[in-house]
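Participant: just the structure for this:
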Amino acid sequence: MKSNTGWLAAAALLLPLATAANPTPNAGAAQRLTTLQAWRSQPFVLVRGAGPAAPVDLVSFDAATHRVTRRVPVALACERLHTAGGLVACLRYNRTLSGASQVDVRDFGLGLTQESPIQSNSIISRTRASADGRLVGTTVFVSGHSYAVPGQFSTMTHIWDTQRRAMALALDKLTLTHEGQVVPYTSQTQLNYWGVTFDPRDADRFYVTVSIRGRPHLALASVARATAQTVRADVECPSLSPDGTRVAFKKRRADGRGWVPAVLELASGKEIVFTAARNLDDQIEWLDNDTLVYEATQTRMGGAKTDLMVRSARDPGAPERLWLEDAASPAVHRGAQAGATAPR
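Facilitator: Numbering: from 1, shown residues only. This is a model prediction of the structure:
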C-alpha cells in the first residue's frame, strides 16, 4: 500500500426469452443457479445487479447478434467479479468485518477453492482472472479514497496464484521503469497501481495502470520478474482483447468530468477515442474481438442508474447501444472458445 446441483441448462430453457436490455426479471433466491457446469460450453456474461448488495446474474446472449436471451440469478454475491479458465473470481466485502475486502475463487460448480483476505477499511475496485485461470488480479482503495481526484488516492493491487492458493505478487514490490529510469516508490512519486489485465497468450505478462505523480500510464509487467515498464500515458483500467492485440480502456474527458471508452492497437499505437453520453467508470470487457461491453452511469433524481452498453471496438462512428439494464461488472465467458480447465 502506498500513501497519497442447481439448475441444468435444460431447466433454463423453460424460461421465456427476453428482449434486449429488458430480460426476464430475477427470480427469488431459492431459484438461483448453484452451478455453472451446464453452461460451460455456451457463451454467457456474469453481471452484478446495479443496486446495493445486489446478486449476481448469468446473462445468455446470441454470439452472432449479441442479443440478450435470458437473465438467470446465480447463488453468488460479489461487488466485482470476473470469469476465465473455468473459475469465477469474486471480489467482495467480508460481511462480519465492516469494510474488510477479500477475494473468493470458485470453480464452475461454485465450490470455494480459495479465500484470501485483502485489506480492512477498503473500497473494492477491480478484479480480473487470467485466461488459463491460474492468476487473479485485484484492486482495492484505502477507505475514503478514489481515483476520481488524480493524485489524491491510495490503492492496493495484488496478483493471486489459484494453484498455490496464495498471493503471487503485491504490485508495490514491482521495479518500475519510466522513460528509461527506475522510479522509486516514494511520497514524491506517488505511485499507485490499478486495473490488472492478463495477456491471454501468456498469463505471466499483464498490463496495468500506474499513476506517477498523479498522471496515469499503461505499464507492461511480468509476475515472475516483478518488473514493469510504462508504454503510454493517459490509459486507465486497461482490458486486453481476446486475441491480445488491443487494449480497451477508459480515457478522461477533455473537461476532466468523467471518462469515455477508448481502444489502443498495441502494434501500431493507433488510438480510437469514442464519444459517450454517460460517464464510464469501469474496466471494459470484450464480448468478442470486435465488441465492447461496459457499465455506464446516468445521474437521476434521487440517485444514479447503471446499465451495460455495447459498441463496436473498431468503428468510432458506430453509436453505443443499451445492452442490459440495471447491471454492472460484466464478466464474459466465451463458451467452447475458452478451452481452459479450472485449476485443481
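
Participant: strands of the stretch 51-200 of the chain, residue ranges please.
Facilitator: For the stretch 51-200 of the chain, the strands defined by DSSP state E, counting those that start in this stretch cover 56-61, 68-74, 80-84, 87-93, 101-107, 112-119, 122-129, 135-142, 155-161, 166-170, 175-178, 181-183, 192-199.

Participant: would a markdown table of those with mean pLDDT and distance to S211 be doable?
Facilitator: Quick note: C-beta positions are derived from backbone N, CA and C, even for glycine. Formatted as a markdown table, these follow (pLDDT from 0 to 100; distance: least, CB to CB, whole Å):
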| stretch | mean pLDDT | distance to S211 |
| --- | --- | --- |
| strand 56-61 | 97 | 30 |
| strand 68-74 | 96 | 34 |
| strand 80-84 | 97 | 20 |
| strand 87-93 | 96 | 20 |
| strand 101-107 | 97 | 20 |
| strand 112-119 | 95 | 18 |
| strand 122-129 | 95 | 13 |
| strand 135-142 | 94 | 12 |
| strand 155-161 | 96 | 8 |
| strand 166-170 | 97 | 16 |
| strand 175-178 | 98 | 11 |
| strand 181-183 | 97 | 11 |
| strand 192-199 | 97 | 4 |
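
Participant: Q37: which of the ones you listed is closest?
Facilitator: Across those, Q37 has its closest neighbour in strand 101-107 (8.8 Å, CB to CB).

Participant: D281: neighbour count?
Facilitator: Neighbour count of D281, defined by other CB atoms under 10 Å: 19.

Participant: could you do the one 5 residues further on as well?
Facilitator: Using other CB under 10 Å, W286 has 22 other residues around it.

Participant: let's see the pLDDT reported for G6.
Facilitator: G6 is assigned a predicted lDDT (pLDDT) of 33.

Participant: make JSON lines out of the strands of the stretch 51-200 of the chain and add mean neighbour count.
Facilitator: Output for the strands of the stretch 51-200 of the chain, formatted as JSON lines (neighbours: other CB atoms under 10 Å):
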{"stretch": "strand 56-61", "mean neighbour count": "24"}
{"stretch": "strand 68-74", "mean neighbour count": "22"}
{"stretch": "strand 80-84", "mean neighbour count": "25"}
{"stretch": "strand 87-93", "mean neighbour count": "24"}
{"stretch": "strand 101-107", "mean neighbour count": "22"}
{"stretch": "strand 112-119", "mean neighbour count": "16"}
{"stretch": "strand 122-129", "mean neighbour count": "24"}
{"stretch": "strand 135-142", "mean neighbour count": "26"}
{"stretch": "strand 155-161", "mean neighbour count": "22"}
{"stretch": "strand 166-170", "mean neighbour count": "16"}
{"stretch": "strand 175-178", "mean neighbour count": "17"}
{"stretch": "strand 181-183", "mean neighbour count": "12"}
{"stretch": "strand 192-199", "mean neighbour count": "26"}
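
Participant: of all the ones you listed, which one is nearest A262?
Facilitator: With distances scored as CB to CB, the stretch of the strands of the stretch 51-200 of the chain nearest to A262 is strand 192-199 (13.5 Å).

Participant: hmm, back to that, and the strands of the stretch 51-200 of the chain as CSV, adding distance to T227?
Facilitator: Listed next are the strands of the stretch 51-200 of the chain as CSV, based on distance: least, CB to CB, whole Å:
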stretch, distance to T227
strand 56-61, 35
strand 68-74, 38
strand 80-84, 24
strand 87-93, 24
strand 101-107, 24
strand 112-119, 23
strand 122-129, 19
strand 135-142, 16
strand 155-161, 13
strand 166-170, 11
strand 175-178, 5
strand 181-183, 10
strand 192-199, 13
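
Participant: right, and those strands - which one's nearest P316?
Facilitator: Short answer: strand 192-199, nearest of these by CB to CB, at 21.8 Å.

Participant: so which bits of stretch 284-302 are buried?
Facilitator: Neighbour-count burial for stretch 284-302 flags I284, E285, W286, L287, D288, T291, L292, V293, Y294, E295, A296, T297 (criterion: 16 or more other CB atoms under 10 Å).

Participant: now intersect the residues you listed with the strands, please.
Facilitator: Members of the buried residues of stretch 284-302 lying in strands (criterion: DSSP state E): E285, W286, L287, D288, T291, L292, V293, Y294, E295, A296, T297.

Participant: which non-adjacent residue is nearest the third one?
Facilitator: Computed as CB to CB, 6 or more residues apart in numbering, the closest residue to L287 that is not its neighbour in sequence is V293, at 5.1 Å.

Participant: the second one now?
Facilitator: Across the structure, with CB to CB, 6+ apart as the measure, the residue nearest W286 apart from its sequence neighbours is S241 (5.3 Å).

Participant: go ahead and confirm that neighbour touches A248.
Facilitator: Yes - S241 lies in contact with A248 (CB atoms under 8 Å); the separation is 7.1 Å.

Participant: right, I'll leave it there.
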